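Participant: Attaching a predicted model along with its sequence, questions to come.
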Amino acid sequence: MRLTRLEAQNVLSFDTFELSLDPQRTVIVGPNGSGKTNLTRLLALIGSALARVDTEDPRGPAVAPGPAAQILDGFARARHLPDSGGPQLVRLGIELTTEPEQEALLRFLRAAALWSLLEVVGQGPAHARALANWVMAGVTVETCLALFKGTIVAEHPGMRGYGWTVGYEFTAGEPAQSYRWILHAPNWHSTILTAADAVSPAPGLIRATDALSKRLLGVGKGGSVPAELPDPLPPFSLAMVLPKSGEAVRLMAGERNTFLDTQYEPFRAYMDIEPLRTPLPSVPGTSLAAVLGRIYQAALVLVGEQLRGIGNWGQPQPAAEQYRWPDVANPWLGSQPHLLPLRLLRLKNGTVDDRRRFLEIQEQFGRLAPGRRFDLLFEAGSSQQTGTDGGGNAEVRVEVLVSRVDPTGLGEAAAAPLELPIQLWGAGAWEALVLAEALYGPEHRVVVLDEPATGLHPTWQKALAGQLEESEAQLLLITHSPDLIRIEQLEDLAHLTRFTQADGATRVHAVTTNRLEALATMPSPGLGQELLRKLKLSSVLRTCLFSRAVVLLEGETESAVLPQWFARCAQDAGLATPAALDLAFYEAGGDKSFTAPLVLLAGLGIPWAIVCDGAAFDLSKKQNVFREIVDAGADGELVKLLPTRQTRSMDAPTFKQWVKTGQDHGVFTLARGWTTGDCGDEAFEVYLGEALPKGALDKARQAVGSSKVRKALWIGENYPPPPSISAVYREVVTALKSRGMAEQ
């Protein structure tokens, strides 16, 4: 399975939300409270919606809500927005990419098609076997390709007392026509409608359970079934089970109080993958949700909230390692974390492929937790405990034991032989085990990692980053760790998305594909490679991705002293400190080096400001700070103000004018001029010589040597910030707030 797109309306912190998902890796960053974890909750909502369709009775006055319905009710109430009335909607685009997934859907469709036909012609052996053979031969991958790519839709009217409706949308036919397969809705269970009719089904819409028999045999319910079926029967096409405009086709496998006769191959094959329960009294029959739900839950691995004890799929998790015999015997183990030891036991004692996978998970664990190795201990208790059904259930314990091994690989003995339960090795060991299982598995799984590595040592985080690169699963990574963001080529930036919050709602920012393509040649060749080099070499720039705002500084002197002074003057003036604002500082490395980081910051919606030397304001130069901002696409208003031609020369009035323009656009300087050279007045060091007491720079040199960084650090520690520093800091904060920076 692959996820292609996620949309939400009026749910949790989302008002109108759209996110395209890369088939390989999507990385989500952003400050706390921006809605990142809510992304995983949308995926959980879809899982609960599919699970609820055929497993729980619809709500009614005398019917208590089941577990899935309780979860969905919680999502309906969990609106974070100040004005969040109206309908709620979640849409998830999926593709069934593996043969088992496609075969599972085909088995359902064959069973449903045969059931529809037998409802009309009866179950006489001659007709039934011929139709079963026709279904098996005709419902194939080639004839049903359109069903393997679609959108799961969950909707709620936004009013108390109502439930969620669930559907599956897809496009089929020539010319292409959109359909919605309603999986659950009052009076429309497992019914296919055209998209035009599905928006609000009209009361008089014609609904048929015999559409297939009419198109195949020319006879519907109540009609006269021919003694002999046509020979040969016309070939199957998906159009035979799809409605026309103004029509609805009900298609499901079985009905209430009935069973599927396993003497027919379509029914037998379907029940092999979905042991059919007796349909609930108030549910007409089993829908496509039974298969979609199983595919979805098997392919989607959510790793996040369970590491913090909140639970997966919105449900509290039982304790791991203690099980009942029914758990051990259940062939359909879910992906819940408390079942991890039991899943590992199955692998260790399973087929050749299972045992190979167990060994690979052991190796993966050793890479994520160097110097550690895990194994399993199985114990079957002799005591009996009474279950909720009154029967006895023997206790089973599957304990995960972790031991030290030689981390160097040189064959040296461990410091001390030690084997303890995994709980006694700290939170990092359990997290490493969860991640080892999640990352190793079938290629076409979707692994969602919500803030992983919270319990991992920094070196273990770097090991995890390497394993993420090697994973063949589709990854959705939500992280606060710069070490987990690996950008090896410019195209990797396309995988990066940043969430922010505005007016209580989540907003999505990304560097556009067009912008990435333009980086290779504009504004100058090599700009994209410069940005790539900065991201690979500077963890500071990657850290900026997690800040609420960034101040770009020109050189190393400013980078050493200004953060100190800004913090001190903020406290003296009663302003929020840089730490309180979650403000990051990044040294660009010169007055011609702002474009590359600005492309990144502007693309990801990170508020920015610049403090630079006076020479950067020199409009007589081809490249100045304003041209860099425009080239980076970071301020559209400056395009209108910047001269179309290069200024022939600079003068004091022009410099003063552009200093004021810079302040209005987040660019500041402490210099009094723009001239360079020995007698120049543009450098930050010149400002320090004039703003500090006489001889301060000489004292700094005598104390720490000639290093610019050491001198600046010494000055920041030993001299209070001049009044002009306080003024600039206040203006910087004002500019950042105007660009969308919010306090924590």
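Facilitator: Done, it's in.
Participant: okay, the most far-flung residue of the chain relative to its centre: pLDDT?
Facilitator: Most distant from the centre of the chain: residue 227, at 56.7 Å, with distances by C-alpha atoms, centre = their mean. Per-residue confidence (pLDDT) for residue 227: 75.
Participant: Can you tell me the SS state at it?
Facilitator: coil (DSSP: H, G, I helix; E, B strand; the rest coil).
Participant: Which residues are in contact with it?
Facilitator: For residue 227, no contacting residues are found, by C-beta atoms under 8 Å, 6 or more residues apart in numbering. (C-beta placed from N, C-alpha, C; glycine too.)
Participant: and the nearest residue to residue 739 once chain neighbours are set aside, how far is that from residue 516?
Facilitator: Leaving aside its chain neighbours, residue 739 sits nearest to residue 607 (3.7 Å; criterion: C-beta to C-beta, 6 or more residues apart in numbering). With distances taken as C-beta to C-beta, to the nearest Å, residue 607 is found 21 Å from residue 516.
Participant: Those two: who's more crowded?
Facilitator: residue 607 (22 against 19; other C-beta atoms under 10 Å).
Participant: Quick check: that one vs residue 132, distance?
Facilitator: 65 Å.
Participant: Give me the helices and strands touching the helix ranked longest in the chain, please.
Facilitator: For the chain, the helix that runs over the most residues, judged by DSSP state H, is helix 99-121. Counting by 3 or more C-beta pairs under 8 Å, 6 or more residues apart in numbering; DSSP states H and E, the packing neighbours recorded for helix 99-121 are helix 125-138, helix 211-217, helix 265-273, helix 289-299.
Participant: Sticking with the nearest residue to residue 327 once chain neighbours are set aside, tell me its helix or strand.
Facilitator: Nearest in space to residue 327, with sequence neighbours left out and distances taken as C-beta to C-beta, 6+ apart, is residue 342 at 6.5 Å. Using DSSP states H and E, residue 342 falls within helix 340-348.
Participant: Show me the contact partners of that helix.
Facilitator: With C-beta under 8 Å, 6+ apart, helix 340-348 has contacts from 320-321, 323, 327-328, 333, 354-355, 357-358, 361, 376, 378, 398-400, 433-434, 437.
Participant: any idea of the mean pLDDT for that helix?
Facilitator: Helix 340-348 comes out at a mean pLDDT of 92.
Participant: Which parts of the stretch 1-150 of the chain are helices?
Facilitator: 36-55, 67-77, 99-121, 125-138 (DSSP state H, counting those that start in this stretch).
Participant: Select from these the stretch with the lowest mean pLDDT.
Facilitator: The minimum mean pLDDT among the helices of the stretch 1-150 of the chain belongs to helix 67-77 (a mean of 77).
Participant: Give me the most central residue, the protein.
Facilitator: Taking C-alpha atoms, centre = their mean, the chain has its central residue at residue 476, 4.2 Å away.
Participant: looking at the sheet around that one, what are its partners?
Facilitator: residue 26, residue 448 (DSSP bridges).
Participant: who's in contact with it?
Facilitator: Neighbouring residues of residue 476 by C-beta under 8 Å, 6+ apart: 3, 21, 26, 28, 39, 446, 447, 448, 449.
Participant: can you pull the pLDDT of residue 449?
Facilitator: So residue 449 comes in at 92 (pLDDT).
Participant: An error on my part: the question was meant for residue 587.
Facilitator: Reported pLDDT for residue 587: 92.
Participant: Give the helix, strand or coil label for the nearest residue to it once chain neighbours are set aside.
Facilitator: With sequence-adjacent residues excluded and distances taken as C-beta to C-beta, 6+ apart, residue 587 is closest to residue 559, at 4.0 Å. Using three-state DSSP, the secondary structure recorded for residue 559 is helix.
Participant: The stretch 451-600 of the chain: helices as residue ranges?
Facilitator: For the stretch 451-600 of the chain, the helices defined by DSSP H, counting those that start in this stretch occupy 458-470, 513-519, 527-537, 539-544, 556-573, 595-603.
Participant: which of the ones you listed is buried the deepest?
Facilitator: Highest mean neighbour count among these (mean count of other C-beta atoms under 10 Å): helix 595-603, with a mean of 25.
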